[in-house]
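Enquirer: Let me see the structure of the following:
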Amino acid sequence: MTVHDFNAQRLYVDDPLSAGAVVMCSQAQAHYLVTVLRLGAGDRVRVFNGRDGEWLCAVGKIAKRSCSLEVLHLTRSQEGGPDIGYCFAPLKRARLDYMVQKATELGVARLQPVLTERTVVGRVNGERMRANVIEAAEQCGILRLPMVAEPVKLAAFLAEYPSDRRLVMCDESAPIASPLTALGGLQNQCCDVLVGPEGGFLESERALLHDLDQVVALSLGPRIMRADTAAVAVLALVNSVIGDWR
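Expert: Numbers count the residues shown, from 1 in each chain. Okay, the predicted model is just below:
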């Protein structure tokens, strides 16, 4: 991965990006660029859309509630990343925001809410999740944005789980051993990570998971972690084995 310039201001846009194109900013983006960052006409900002790489742009015409950006040249080609999905039982707002941001920073390809019997939140705000994804991507310099999937119940999720993927299940009942050893068989394989609700999986749910050949049960050690902490821990471990930390 190309080293990110942490002094550069970055902005996500949904428009196609190419040299000479003009991007019209939303009202919120214009406020951020002109009022918060105090940029003026001709000032530079880097933009990305998750598809076409990162481009240097010049601030163009500024109006009361809008501004335009002129796309100048490519600064970084589009980058991919490991095929790691993060599947999780939704949490309350602040903890969910944190978890989505950190999973994005850790380079996941997909975010999949999974509803279990002990899930504390039955409704998931996909737009808010997407906003957190974008904010994290803007700040940490990544170019690929994870896809935000619609919530699905655990039984349906497992019934349709692909046979050619591995599912790393964080399981407090798994034997406490070296997690890197437990993950050693995953090299060169695509996988998903599943973290359950803060109350844990029911025994019936755990049985469904262990019946699936693709499941790898993983202990995160002797301490019980909150779900948002477990997300960071397990994604760091998986990245060190099959991700881009090797």
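Enquirer: Mind checking what secondary structure residue 129 has?
Expert: Of the three states, residue 129 takes helix under DSSP: H, G, I helix; E, B strand; the rest coil.
Enquirer: how much space is there between residue 195 and residue 36?
Expert: Applying C-beta to C-beta, to the nearest Å, the value for residue 195 to residue 36 is 34 Å. The C-beta positions use only the backbone N, C-alpha and C, and glycine is treated the same way.
Enquirer: Look at those two and report which has more neighbours.
Expert: Higher neighbour count among residue 195 and residue 36: residue 195, with 26 against 9, using other C-beta atoms under 10 Å.
Enquirer: is it true that residue 42 touches residue 61?
Expert: No: checked against C-beta atoms under 8 Å, the pair residue 42 and residue 61 is beyond contact range at 11.0 Å.
Enquirer: Test my guess that residue 112 contacts residue 87.
Expert: Yes: with contact defined as C-beta under 8 Å, residue 112 counts as touching residue 87 (4.3 Å).
Enquirer: residues in contact with residue 26?
Expert: residue 66 (C-beta atoms under 8 Å, 6 or more residues apart in numbering).
Enquirer: what stretches of the protein score poorly on pLDDT?
Expert: 1-7 (pLDDT under 70).
Enquirer: How is the most centrally placed residue in the chain assigned, secondary-structure-wise?
Expert: Nearest residue to the geometric centre of the chain (C-alpha atoms, centre = their mean): residue 104, 2.6 Å. Residue 104 falls in the helix class when you classify it by three-state DSSP.
Enquirer: Equivalent analysis for residue 34, please.
Expert: Residue 34 - assigned by three-state DSSP - is helix.
Enquirer: coming back round to it: tell me, what's touching residue 112 and residue 87 both at once?
Expert: 157, 192.
Enquirer: Leaving out chain neighbours, which residue sits closest to the residue nearest to the centre of the chain?
Expert: Once flanking residues are discounted, residue 104 sits nearest to residue 136: 4.0 Å by C-beta to C-beta, 6 or more residues apart in numbering.
Enquirer: what's around that neighbour, how many residues?
Expert: 20.
Enquirer: in whichever helix or strand it is part of, what counts as buried?
Expert: Using DSSP states H and E, residue 136 falls within helix 126-140. For helix 126-140, the neighbour count (16 or more other C-beta atoms under 10 Å) marks 129-130, 132-134, 136-138, 140 as buried.
Enquirer: one step back: comparing residue 42 and residue 61, which residue is more hemmed in?
Expert: residue 61 (12 against 9).
Enquirer: Now that one: closest residue in space, sequence neighbours ignored.
Expert: residue 68 (5.1 Å).
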